[in-house]
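Trainee: curious how this folds, go ahead:
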Amino acid sequence: THCCVRSSQVRSPRAVGCCPVSSLLSGFNRGLDMWCSRTALRRLALQTAPLSLAGFRRDMSALPRVYVTRQIPPRGLQILRESGQVQFELWDSDDPVPRQELLKKVKGCDGLLCVLTEKINAEVLDAAGPNLKVLSTMSVGFDHLSLDELKKRGIRVGYTPEVLTDAVAELTIALLLATSRRLIEATHEAKTGGWGTWRTLWLCGYELADSTVGILGLGRIGVAIAERLKPFKVKKFIYTDVAPRPELADAIQAEYVSMDELARQSDFLAVCCALTPETQGICNKNLFSKMKNTSIFINTSRGGVVNQEDLYKALSTGQIAGAGLDVTVPEPLPTNHPLFTLKNCVILPHIASASYTTRNAMSALAANNLLAGLRGEPMPKELQL
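Mentor: This next block holds a predicted model:
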């Protein structure tokens, strides 16, 4: 063994209190001991590594199997990866998984994490088989799930309410203003040469100040919308629901009214109800015929609550002043749909929850619901079937 020691590292005998030879031999022995220890550790690691890897693989194969139907935001995937509690396969695309691929991949899975574009019905549940115990949807709505089939099979369901309240309320306000103040029309005119001399009533719209705002379906989102509208000097909030909800209404000083009165009084009507058999097509000609011809209709809940043929007639005949839709039937709405021909109809591609903060929070909650369900523990947000 060759030992190289710089002259500046060897101190004088007087300084160290011993002879130079003893000092060098002592240092040499310490170095030899350290080298031997490191060599032994390397040999031990080489001998044990294959055993640890094999054990790791065996442990992984024993973990619950999960299929994730979409490339969900990174926070949710990180939680699944770092949990060490599941082995999961991912449809690694921002586009929906093809139906046949879904039916193939769910076979034998213990858990399924999906989004609202996947119709989880008897066909999917039969393909999955009896191992499926937990379904977690990254959505607040659950009209894409066959709840009766899930309940019949004893499959627990997690969903993601509350975390998207702020984002949906913000988007609803933006859509309401864009529709009532005709912002999309105005942008088009500015871009295409329609912006000429100033005219007294050109592109005039409707103000929120001193208005009555109606809410169809008063929940967390409806309350959040009203809270954001208060600074616009709204005169009055009214709402209708299956029953009065005083604990929520008191927070925004909202008055409970009938469906007919909601239509008659509202200058702005925001739809916030869930899609159920009872609310399917509830916004139809009966509602629109009772609304003011200056009123604005806004829907950020589910497209199925609106009869779109009746809405088109109400808008095209001037029965109501305008409509803003973030949701339609189908989605996407075909580009040749009659609603797209109307200047007084603003249509968005279902983006109410589309903020980075909210979508990551939704994916994290969906992942935590899934993991808790597979452990047999209460989910952070479980749908009671």
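Trainee: do you know how far residue 227 is from residue 176?
Mentor: From residue 227 across to residue 176, the span is 14 Å (C-beta to C-beta, to the nearest Å). Backbone N, C-alpha and C define where each C-beta goes, glycine included.
Trainee: more crowded one of those two?
Mentor: The neighbour comparison of residue 227 against residue 176 (other C-beta atoms under 10 Å) goes to residue 176, with 27 against 12.
Trainee: low-confidence stretches in the stretch 51-200 of the chain?
Mentor: 51-60 (pLDDT under 70).
Trainee: grab the nearest non-local neighbour of residue 194.
Mentor: Among residues not flanking residue 194 along the chain, residue 188 sits closest, at 7.3 Å (C-beta to C-beta, 6 or more residues apart in numbering).
Trainee: for the one you found, give me phi and psi.
Mentor: Main-chain dihedrals, residue 188, degrees, to the nearest 10: phi -60, psi -40.
Trainee: for the one 4 residues further on, same thing?
Mentor: With angles defined as degrees, to the nearest 10, residue 192 sits at phi -110, psi 10.
Trainee: give me the neighbour count for it.
Mentor: 8.
Trainee: so it versus residue 246, what's the distance?
Mentor: Distance of residue 192 to residue 246, computed by C-beta to C-beta: 50 Å.
Trainee: secondary structure element for residue 369?
Mentor: helix 356-374 (DSSP states H and E).
Trainee: which helices and strands sit right next to that helix?
Mentor: helix 74-83, strand 111-114, strand 134-137, strand 156-158, helix 165-180 (3 or more C-beta pairs under 8 Å, 6 or more residues apart in numbering; DSSP states H and E).
Trainee: which residues outside it are in contact with it?
Mentor: 64, 66, 72-77, 79-80, 83, 85-86, 110-111, 113, 133-134, 136-139, 156, 158-160, 163-164, 166-167, 353, 378-382 (C-beta atoms under 8 Å, 6 or more residues apart in numbering).
Trainee: give the buried subset of the residues you listed as a PyMOL selection command.
Mentor: The buried residues among these can be selected in PyMOL (16 or more other C-beta atoms under 10 Å) with this line:
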select buried, resi 64+66+72+73+75+76+77+79+80+83+85+86+110+111+113+133+134+136+137+138+139+156+158+159+160+163+164+166+167+353+379+380+381+382
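Trainee: what is the neighbour count of the nearest residue to residue 104 once chain neighbours are set aside?
Mentor: In this structure, residue 104 finds its nearest non-sequential neighbour in residue 127, 7.7 Å apart by C-beta to C-beta, 6+ apart. Number of residues near residue 127 (other C-beta under 10 Å) recorded here: 17.
Trainee: residues contacting residue 127?
Mentor: Counted by C-beta under 8 Å, 6+ apart, residue 127 has contacts 102-104, 106-107.
Trainee: check residue 322 too.
Mentor: 179-180, 182, 296-297, 315, 344-346 are the contacts of residue 322 under C-beta under 8 Å, 6+ apart.
Trainee: show me which of these is closest to residue 148.
Mentor: Of all these, residue 148 sits closest to residue 297, with 32.0 Å by C-beta to C-beta.
Trainee: and that closest one, how many neighbours?
Mentor: When neighbours are defined as other C-beta under 10 Å, residue 297 has 29 of them.
Trainee: same check on residue 193?
Mentor: Residue 193 has 7 nearby residues by other C-beta under 10 Å.
Trainee: in this structure residue 208 contacts residue 268, no?
Mentor: Yes - with contact defined as C-beta atoms under 8 Å, residue 208 counts as touching residue 268 (7.1 Å).
Trainee: shared neighbours of these two, anything?
Mentor: Joint contacts of residue 208 and residue 268 (C-beta under 8 Å, 6+ apart) are 176, 180.
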